[in-house]
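Asker: Sequence first, then the predicted structure:
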Amino acid sequence: MDKEELKQKVIDCLQTIYDPEIPVSIYELGLIYETEILTPFNNVQIVMTLTAPGCPAAQSIPLEVEEKVKKIEGVNEVAVVVTWNPPWTRDMMSETARFELGMM
């Protein structure tokens, strides 16, 4: 499996992880800032944020991301980095997320 295929599998996986308070995937919410496959070992680095620093799921979402991405065939190590810069805003949501939340 090449780097781009693996990256797509990671993105597909991220689209199955939901913020417990919002019925939209963290990927569609725009919480994932960067997904990088580091070769030659297929280590995955994910830079993400949360909707707010006081988010009740601040501990559980990054852990769920790490656990689920680790299960993808071909993935070696997974590093999830949570950042608050730039801060998340509703403008980062995909069109799909805005539609699902009735914001269009």
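Answerer: Noted; the coordinates are in hand. Numbering: from 1, shown residues only.
Asker: make it CA atoms for all contacts and neighbour counts henceforth
Answerer: Will do.
Asker: does Val10 count as helix, strand or coil?
Answerer: Of the three states, Val10 takes helix according to DSSP: H, G, I helix; E, B strand; the rest coil.
Asker: can I assume Val47 sits in a strand?
Answerer: Yes - residue state for Val47 (three-state DSSP) corresponds to a strand.
Asker: State the number of residues packed around it.
Answerer: 16 (other CA atoms under 10 Å).
Asker: give me the beta-bridge partners of it?
Answerer: Using DSSP bridges, the bridge partners assigned to Val47 are Glu34, Val81.
Asker: Thr83 is in contact with that one, correct?
Answerer: Yes - using CA atoms under 8 Å, Val47 is in contact with Thr83, at 6.9 Å.
Asker: what does the model give the one residue sitting closest to the centre of the chain for pLDDT?
Answerer: The chain has Ile32 as the residue nearest its centroid, 4.1 Å off, counting by CA atoms, centre = their mean. Looking at Ile32, its pLDDT stands at 97.
Asker: so it makes contact with Ile46?
Answerer: Yes - at 7.2 Å, Ile32 counts as touching Ile46 under the criterion of CA under 8 Å.
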